[in-house]
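> Output the structure for:
(one chain, ligands or ions: 2)
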Amino acid sequence: MKILGIETSCDETAAAVVKDGTRILSSVVASQVELHHPYGGVVPEIAARHHLESIVPVVSSALLRAGLEISEIDAIAATRGPGLTGPLLVGFSFVKAVGYALNLPWIGIDHLEGHLNSVFLSGPAPAFPFTALLVSGGHTAIYLVRSHTDHYCMGRTRDDAAGEAFDKVAKMLGLGYPGGGIISKLAETGDPERIRFPRAFMDRSAFDFSFSGLKTAVKRYIYTHDDYRSHINDIAASFQEACVDVLSQKLIAAALKNGSRYVAVVGGVAANQRLRQRVAHEAAKHGMELVVPPPSLCGDNGAMIAAAAFHRLSGPDPETGDLSDDVYSRYLRRK
Ligand code: KG4
Ligand code: ZN
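Numbering: from 1, shown residues only. Ligands and ions are numbered 1, 2, ... in the order given. Model (predicted):
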């Protein structure tokens, strides 16, 4: 089954064609990063307008690269939520309209379910059930993943997402948006132990996160150290280490509680090399195997949406979208 997956929940217009939930035939991601860079974050209205301009060229390009006509596609899917309402409406309305006009099966997909399915698009797949850390600009949560469509949230951030903390720290340091790549690059030459920023473990037996205290601690450090510009790479490395400490330790604790053989890290922040390294190290200590998508599948993409759609459309209890379905901006859920 060849599925065209579309993702427009934030600042990437993405489309991909995936066969049977695992084989990527094409994947196109048009980033709006340059447009939002001057604002230090995503401006929803600008994002929505740009998705509108990009969606047809991006979808056409995904079909062209897969060597397929739309008539050869078996089903189409788009992210339904959570995300920014205007941007979500562009992709979701596009899929509704094309599905209706061409009489193609179509479905709206939860963005987080998309990220969780990104581990099936390359390399050896983890066996169910596994424990996953979903860590991105909008979300930070730990899941017990029981199947492609069944995942239990064990804990999530109570305030900022980890990626959001990277973005805000980069903004404080005047480094631009998005901050993750910039901070991790600077951290490569920094001393992670120079500044002991706080780690919010809260209840060690629970799996919620909090990153706002860490963000405030970095801000306070900047305000109280006139010479901070002289060691910006140490600030980046020390901040990154505090994030990675909490993320990796909570993930492994959750996996131990679940008795998991496999752990996964997905979402934009999963591209962080230090996080990958630390989780791999901790997982190996406990005889667990780590599965992380390649960096191109960590950030938002259409392939993960097509992969998740395959299991919703073709499982034992197949689902399809309804024209009355609407997008959702927060963790609602679901049919
Ligand atoms: O999954 P994603 O593309 O969008 C959301 O669903 O939020 O994640 C984007 C986030 C941004 O906050 C970005 O700063 C972060 O992922 N990110 C990173 C790295 N690359 C991207 N964070 C830390 N280290 C990185 N190398
Ligand atoms: Zn995402």
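> Run through the neighbouring helices and strands of the helix or strand encompassing Arg274.
Using DSSP states H and E, Arg274 sits in helix 273-285. Applying 3 or more Cβ pairs under 8 Å, 6 or more residues apart in numbering; DSSP states H and E, one finds that helix 273-285 contacts helix 179-187, helix 232-258, strand 262-266, strand 289-291. In short, each C-beta sits where N, CA and C put it, glycine included.
> hmm, who's touching the last one?
Strand 289-291 has contacts (Cβ atoms under 8 Å, 6 or more residues apart in numbering) with 119, 123-126, 130, 261-265, 276, 279-280, 283-284.
> Which strands border it, and is each parallel or antiparallel?
Strand 289-291 has the following sheet partners, assigned by DSSP bridges: strand 262-266 (parallel).
> Between helix 232-258 and the partner strand, find me the angle.
In terms of direction (axes from the mean of the first three to the mean of the last three Cα atoms, to 10 degrees), strand 262-266 departs from helix 232-258 by 140 degrees.
> Distance from strand 262-266 to the middle of the chain?
13 Å (Cα atoms, centre = their mean, to the nearest Å).
> How about stretch 287-298?
Relative to its chain's centre, stretch 287-298 lies at 13 Å (Cα atoms, centre = their mean).
> Get me the contact residues on the stretch 1-150 of the chain for ligand 2.
Ser136 (Cβ under 5 Å from the ion).
> Pull out the buried residues from the helix holding Arg274.
274-276, 278-280, 282-283 (16 or more other Cβ atoms under 10 Å).
> And the helix or strand of the chain with the lowest mean pLDDT, what's buried?
Sorting the helices and strands of the chain by mean pLDDT, DSSP states H and E puts helix 33-36 at the bottom, at a mean of 85. By neighbour count on 16+ other Cβ under 10 Å, the buried set for helix 33-36 is His36.
> After it, which helix or strand is next?
Next along from helix 33-36, by DSSP H and E: helix 44-66.
> does any part of that following helix sit near ligand 1?
No - counting by Cβ under 6 Å from any ligand atom, ligand 1 has no neighbours in helix 44-66; the shortest distance is 12.0 Å.
> quick one: the residue in the stretch 101-250 of the chain that ligand 1 sits nearest to from Ser210, how far?
Nearest residue of the stretch 101-250 of the chain to ligand 1: Gly180, at 2.0 Å (Cβ to the nearest ligand atom). With distances taken as Cβ to Cβ, to the nearest Å, Gly180 is found 19 Å from Ser210.
> residues in contact with Ala161?
Residues near Ala161 by Cβ under 8 Å, 6+ apart: 135-140, 211.
> Relative to ligand 2, which of these is nearest.
Ser136 (4.3 Å; Cβ to the ion).
> can you give me phi and psi for the closest one?
Dihedral pair for Ser136: phi -150, psi -160, per degrees, to the nearest 10.
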